[in-house]
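Trainee: here's my sequence, what's the structure:
(chains A and B)
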Amino acid sequence: MKKFVVFLVIALVASSLAWSATIGITVNATQKLEVTVDAATWTIALDNTGTAIDVPNQGQLTVKSSKASYTVTFTSTNGGTLNNASYTMPYKVKVDTSTWVAGVATNNLSSYTQLTSAKTIIFQLKTPTAGKTFPIGFNIESYTDYFVDGAYTDTITISIAQS
Amino acid sequence: MKKYLTLLLLLPLASIALYSQSIGVTVIATPVGANITMNSYVWNITLANDGVTSYLNDQQGIMTVKSGSSANYRVDFSSQNLGRVKQGSSYIPYYVYVTQLTTGHVGIIGTPAITLGYVQLSSTQSIQFNKKTPTGGIQFYVGFQITATAGEFFESGAYTDNMSITFTAL
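Mentor: Purely as a prediction, here's the structure:
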């Protein structure tokens, strides 16, 4: 009778074994780009005496942006003049951004400027969620000739875009 | 006389040697089936980005852990960007929270911070176990949170990170 001696050697592989899973996370932070004004219409009385009109706080512009680089653009339907049929009255506007020097790279409306072409303000910092508010000034220079009486109108369009 | 006695003693030993054979058997018990799986490996999250609304989802993902034959093991959570999603040079911190979906005692040792509430993966967060799982594994919810910064926008755009969950047999 044969005898079998069986040696069982049980080896546990106890070395460090690791498995992993990787999750790709993408968070999309919603973009906010917005410009608003406190009043959509400005009605200004001109006394036709030749005296200049200068209203540094004619309106308030509020800018909101979640991007650091963006541009606000001002354009005029009539190229910077108020029109009454064929009669025209040139005017100028400015935007005072001096309260936020760090956030503004270039302000092409820092002083009174006629909107003969589009004028821009280039920003370099995102705003707080409440936005940044700047005064808009309105100017008609002094004049020596009467303007033909009547209502003169124009439309200023203010837009914002990511730079 | 001395030689005779010696011969008698050696005979039984020779007899054993003659009728015995040995077979060496090695059984390697591998930790079969040990792994970590998620119900989704891609998380796309939309952040309101209004300076008010935070993002919170306690059930952002479901993690399944199978330990195979390993009773003692550890699950580590780590982040490529140390608990922040990244866009260029901008970061948004995020927080994760692990809650047990499988009922009953699953062998968690102690009370790991990541099971107590939302934590940022600025360093590795671990859960250690001392009980092997059923063959179907044990499941956990993985929650995800981003806290709004009052009055501030995050720079808008797509932020990314890779979060790794690693199983280590101990």
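
Trainee: all strands for chain A, in order.
Mentor: Using DSSP state E, the strands of chain A run over A:3-12, A:18-29, A:33-37, A:53-65, A:70-76, A:81-84, A:87-90, A:92-95, A:104-107, A:119-123, A:132-140, A:156-162.

Trainee: for residue B:138, which of those strands is the nearest?
Mentor: strand A:18-29 (14.6 Å; Cβ to Cβ). (Each C-beta comes from the backbone N, C-alpha and C, glycine too.)

Trainee: the closest one: partners in the sheet, and parallel or antiparallel?
Mentor: Sheet neighbours of strand A:18-29, with direction, are listed as strand B:42-47 (parallel), strand B:157-169 (antiparallel) (DSSP bridges).

Trainee: quick one: low-confidence parts of chain A?
Mentor: Applying pLDDT under 70 to chain A flags the ranges A:1-18.

Trainee: for the residue of chain B found nearest chain A, which non-adjacent residue is closest in space?
Mentor: Closest residue of chain B to chain A, Cβ to the nearest Cβ: residue B:51 (3.2 Å). Leaving aside its chain neighbours, residue B:51 sits nearest to residue A:129 (3.2 Å; criterion: Cβ to Cβ, 6 or more residues apart in numbering or on different chains).

Trainee: how far away is the one you found from residue B:159?
Mentor: As for residue A:129, its distance to residue B:159 is 18 Å (criterion: Cβ to Cβ, to the nearest Å).

Trainee: looking at these two, which is more packed in?
Mentor: A side-by-side neighbour count of residue A:129 and residue B:159, using other Cβ atoms under 10 Å in any protein chain shown, places residue B:159 first with 25 against 18.

Trainee: pLDDT value on that one, please?
Mentor: On pLDDT, residue B:159 comes in at 97.

Trainee: which residue is the nearest non-sequential neighbour of it?
Mentor: residue B:85 (3.6 Å).

Trainee: so the one you found is in which element?
Mentor: Using DSSP states H and E, residue B:85 maps to strand B:84-87.

Trainee: from the contact counts, what lies against that strand?
Mentor: With contacts taken as 3 or more Cβ pairs under 8 Å, 6 or more residues apart in numbering or on different chains; DSSP states H and E, strand B:84-87 sits against strand A:18-29, strand B:90-93, strand B:157-169.

Trainee: now distance to residue A:156 too, for those, in JSON lines please.
Mentor: Formatted as JSON lines, the helices and strands packed on strand B:84-87 follow (distance: least, Cβ to Cβ, whole Å):
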{"stretch": "strand A:18-29", "distance to residue A:156": "31"}
{"stretch": "strand B:90-93", "distance to residue A:156": "34"}
{"stretch": "strand B:157-169", "distance to residue A:156": "31"}
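
Trainee: out of those, the one nearest residue A:92 is which?
Mentor: Of all the helices and strands packed on strand B:84-87, strand B:157-169 comes closest under Cβ to Cβ, at 37.1 Å.

Trainee: list the buried ones in the closest one?
Mentor: B:157, B:159, B:161, B:163-169 (16 or more other Cβ atoms under 10 Å in any protein chain shown).

Trainee: cool, and stretch A:78-85?
Mentor: Within stretch A:78-85, the residues scored as buried using 16+ other Cβ under 10 Å are A:78, A:80-82.

Trainee: how many neighbours does residue 50 have?
Mentor: All of this is about chain A. Neighbours of residue A:50 (other Cβ under 10 Å): 11.

Trainee: to clarify, I was referring to chain B.
Mentor: 13.

Trainee: with residue A:131 instead?
Mentor: 17.

Trainee: would you pull up the residue in chain A closest to chain B?
Mentor: Closest point on chain A to chain B, by Cβ to the nearest Cβ, is residue A:129, at 3.2 Å.

Trainee: residues in contact with that residue?
Mentor: A:32, A:64, B:50-52, B:151-153 (Cβ atoms under 8 Å, 6 or more residues apart in numbering or on different chains).

Trainee: that'll do, ta.
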